[in-house]
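Enquirer: Just a sequence and a predicted model for now, questions to come.
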Amino acid sequence: MRFLKLLLLGLACWHANVTAQQAVQAPTPPSTPLSPLKPGPKPSDTPQSAVQAGTPGQPQALDKTNVDAWLDGYMPFALNTSDIPGAVVVVVKDGQILTARGFGYADVDKRTPVDPLRTLFRPGSVSKLVTWTAVMQLVEQGKIDLDADINTYLDFKIAARGDKPITMRNVMTHTAGFEEAVKYLIVYGKGDYKPLGALLKSWVPERIFEPGVTPAYSNYATSLAGYIVERVSGQSFDDYVEQHVFAPLEMKSASFRQPLPAALAPHMATGYITPGEPSLGFEIVNSAPAGALSASGVDMANFMIAHLAGGEFKGRRILSSATAAMMHDSPLDKIARSTIIGPLNRMELGFFETNVNGRDVIAHLGDTEAFHTSLHLFMREGVGLYLSVNGSGHPGASNTLRGALFHDFADRYFPNQGAPDGRVDADTAKRHAQMMVGSWQSSRRSESNIFALFGLLGQVKIHTGPEGELVVPALLGPNNRPREWVEIAPFVWRDRNGEDRLAAQVVNDQVVRWSMDFMSPFMVLDRVPAGTNAAWLLPALGAAVLVFLFTFVAMPAGWIVRRRYKLAYPHGGAAKKTVLAMQLAALASLLVLAGWTGVVLALENTVANATAALDGWLWLLQVAGLLAFLAALVAGASNLRLAFKPQQGWWRKAWSMLFLLSALLVCYVAVRYHLVAMSVSY
């Protein structure tokens with residue numbers, strides 16, 4: 001559920017309007033400019049004209065003086081209010097580094113400032129852009145066919161779903177159809193490191209969608225692409241990207257190696273998952289091609305410059321202009337219409353759109369547990385913006401910051417040049433909002449393993465407000481309240497106080513799918529089937545737990561009452577044994593359910609708990625659950641049969657039926673969500 005929270009709760013737009021007084025009052029961590037470049041002026045030294053906000057529609061001058069002055073006011077305040085230790089911000093323009101700035105601390109305890117030239121950050125899934133660049137190099141050389149079955153390049157088999165194999169194009173557009181894979185994704189101990197090939201072969205996630213039909217973000221699929229780079233090139237993935245991407249781009253400190261080489265390790269920023277708590281250490285991302293990169297701000301500046309220049313850097317090419325163009329703006333005829341919802345942003349070959357203010361922008365975001373990153377390329381303007389932070393801050397803060405910085409940068413330097421929004425009449429808007437009401441599940445989910453539980457807990461509810469307006473409680477605005485959605489075209493809404501749009505797909509006058517700009521390229525939400533709808537299933541499960549609890553508590557409570565008032569036990573013979581069995585089965589079931597609650601909390605606390613260290617508990621809970629839940633079912637059925645014998649009161653009959661229904665429901669949940677699947681793959 002951490003992943004869903006990151007996407008749904010964190011990527012809200014937040015606008016930090018910083019006054020000079022606020023910047024002085026806030027305790028500001030250090031700001032470090034790029035060493036070889038001339039430092040930008042301090043806020044107090046900046047001419048007033050350089051820091052004044054532009055008039056609506058009036059762009060500010062995109063030069064070093066202006067950007068540095070803006071960042072000097074923006075970033076220290078943002079880091080302090082977000083409780084984030086440090087950040088690196090880089091802006092490139094016209095093939096040059098316009099500015100590269102470090103803010104705050106790379107190591108809080110040592111008070112080490114962030115150096116944009118030397119300090120290494122973990123850009124998480126922004127690493128995928130390096131992997132996709134490597135893939136496209138091999139496509140350009142004719143060694144990989146984007147539309148061939150990927151099994152052509154593998155030494156193990158990915159089963160087809162239906163009659164459609166997976167292609168590299170599916171992989172690069174996150175439409176391969178894999179469920180989520182989490183085990184060993186991020187670990188902290190060297191003993192939990194898994195070689196790429198061994199990791200991929202140890203468990204192949206189930207295909208829950210046909211390829212090319214549904215966007216469902218997949219680290220596993222990206223790792224397959226990295227493994228194919230190894231297989232086709234005859235080099236390890238690390239060696240290949242170092243020789244064919246990092247070297248020509250002069251990304252001198254960039255590395256996918258884990259742990260880092262001795263020469264680079266001292267420059268690694270410390271990552272902080274929770275404010276005020278110690279770091280857990282260097283994150284080992286076992287799905288390395290999907291997120292293991294370590295790089296400085298200047299390394300990433302060179303990478304942006306190359307892609308903005310159509311694959312060229314200082315006269316050296318990593319991609320031909322034609323290949324780069326295909327990667328940045330893939331033809332619509334190669335994309336299934338079902339993966340695009342209305343006017344929302346779409347997936348390219350590896351990059352995804354984050355269009356803003358009528359500008360064509362491609363991007364990627366990235367998250368490890370501690371580091372959070374964004375990279376945006378304004379393609380026509382030749383401008384790139386990169387941000388990485390080494391802490392999550394308070395809940396949702398890091399994601400809010402990266403969204404805000406992007407939108408505020410765009411508003412300041414590339415103000416809106418798009419057509420004004422339209423408006424749907426009030427009656428139609430109410431009807432359309434009502435059609436959206438219900439429970440929805442993310443396409444990025446697990447279905448065949450215990451992580452399906454997180455899908456149940458992470459369902460998104462939609463309802464209408466007092467005036468019939470659309471309300472999505474999970475999508476919070478900067479005021480920590482649900483966003484206000486205004487319908488600007490049929491089944492297209494815009495956040496009243498921001499840039500994001502929400503749009504729905506309608507089939508036979510029924511809304512079947514929806515998404516938002518920030519996630520539509522790689523994730524959509526579909527209606528939840530009735531049998532797994534959390535709106536009734538979670539309350540019913542809660543009621544079943546209460547029935548089990550009261551059933552067990554009745555045993556000691558009854559003993560105390562009978563002893564106090566010298567009463568006889570109300571049941572005898574077979575009835576006594578059945579009631580006792582039912583009470584013990586209720587206790588056993590409660591203990592198993594408590595155990596599963598502990599597993600959920602452990603995995604929610606850190607995904608690093610998803611290793612073999614948890615396997616013993618998972619086996620214990622699955623075996624114990626099978627015995628306990630079946631015992632409750634059998635005991636409940638036996639008790640119900642006895643309860644309907646002559647001279648049995650209505651209360652016993654009613655409670656017996658409640659218990660049996662509760663046992664049936666618990667068994668249904670256990671089977672549906674794989675709590676008794678006898679598997680530790682997820």
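Expert: That came through, no problem.
Enquirer: how about low-confidence regions in the stretch 1-150 of the chain?
Expert: Along the stretch 1-150 of the chain, the model assigns pLDDT under 70 to residues 1-56.
Enquirer: list the buried ones in stretch 640-659?
Expert: Burial within stretch 640-659, assessed by neighbour count using 16 or more other Cβ atoms under 10 Å, is assigned to Leu640, Leu642, Ala643, Arg652, Trp655, Ser656, Leu658, Phe659. Where you see a C-beta, it was placed from the backbone N, CA and C, and this is true even at glycine.
Enquirer: Among the residues you listed, which lie within helices?
Expert: Among the buried residues of stretch 640-659, DSSP state H puts Leu640, Leu642, Ala643, Arg652, Trp655, Ser656, Leu658, Phe659 in helices.
Enquirer: which one of the residues you listed is nearest Met516?
Expert: Among these, Leu658 lies closest to Met516 (Cβ to Cβ), at 41.7 Å.
Enquirer: Can you get me a residue count around the closest residue to that closest one other than its chain neighbours?
Expert: Nearest non-adjacent residue to Leu658, counting by Cβ to Cβ, 6 or more residues apart in numbering: Val547, 5.3 Å away. Applying other Cβ atoms under 10 Å, we find 21 residues neighbouring Val547.
Enquirer: Assign a three-state SS to Val547, would you?
Expert: At Val547 the chain is in helix, as set by DSSP: H, G, I helix; E, B strand; the rest coil.
Enquirer: swap in Gln648?
Expert: Following three-state DSSP, the label given to Gln648 is coil.
Enquirer: quick one: it from His432, how far?
Expert: In this structure, Gln648 and His432 are 54 Å apart, going by Cβ to Cβ, to the nearest Å.
Enquirer: Check Thr222 too.
Expert: Distance from Thr222 to His432, by Cβ to Cβ: 36 Å.
Enquirer: These two: which has the busier surroundings?
Expert: Thr222 (26 against 20).
Enquirer: Flag the shaky bits of the stretch 301-450 of the chain, pLDDT-wise.
Expert: Residues of the stretch 301-450 of the chain that meet the criterion pLDDT under 70 lie in 336-338.
Enquirer: Which residue ranges of it form strands?
Expert: Taking DSSP state E, counting those that start in this stretch, the strands of the stretch 301-450 of the chain run over residues 312-313, 316-317, 352-353, 361-367, 372-378, 383-389, 438-442.
Enquirer: got those strands as CSV, with mean neighbour count columns?
Expert: Below are these laid out as CSV (neighbours: other Cβ atoms under 10 Å):
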stretch, mean neighbour count
strand 312-313, 20
strand 316-317, 14
strand 352-353, 21
strand 361-367, 24
strand 372-378, 26
strand 383-389, 27
strand 438-442, 20
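Enquirer: Does Arg161 touch Glu210 like I think?
Expert: Yes - here Arg161 lies in contact with Glu210, judged by Cβ atoms under 8 Å, at a distance of 5.3 Å.
Enquirer: Identify the contacts common to those two.
Expert: Any residue near both Arg161 and Glu210 by Cβ atoms under 8 Å, 6 or more residues apart in numbering counts here, and that gives Gly177.
Enquirer: For the buried residues of stretch 640-659, name the two members farthest from one another.
Expert: Pairwise distances across the buried residues of stretch 640-659 (Cβ to Cβ) peak at 15.1 Å, for the pair Leu642 and Leu658.
Enquirer: so which helix or strand takes in Leu538?
Expert: helix 534-565 (DSSP states H and E).
Enquirer: Taking strand 438-442 as reference, get the angle to that helix.
Expert: With axes from the mean of the first three to the mean of the last three Cα atoms, to 10 degrees defining the directions, helix 534-565 sits at 100 degrees from strand 438-442.
Enquirer: list the buried ones in helix 534-565?
Expert: Quick answer for helix 534-565 (16+ other Cβ under 10 Å): Ala534, Leu537, Ala540, Leu541, Ala544, Val545, Val547, Phe548, Thr551, Phe552, Ala554.
Enquirer: Where do the helices of the stretch 151-300 of the chain begin and end?
Expert: Ranges of helices in the stretch 151-300 of the chain, per DSSP state H, counting those that start in this stretch, are 168-172, 196-202, 219-233, 237-241, 288-291, 297-308.
Enquirer: quick one, which of those is packed in tightest?
Expert: Of those, the one with the most neighbours on average (mean count of other Cβ atoms under 10 Å) is helix 288-291, at a mean of 27.
Enquirer: Identify the residues contacting it?
Expert: Residues contacting helix 288-291 (Cβ under 8 Å, 6+ apart): 122, 124-125, 127-128, 131, 196, 219-220, 222-223, 225-227, 229, 237-238, 256, 258, 285, 366, 368.
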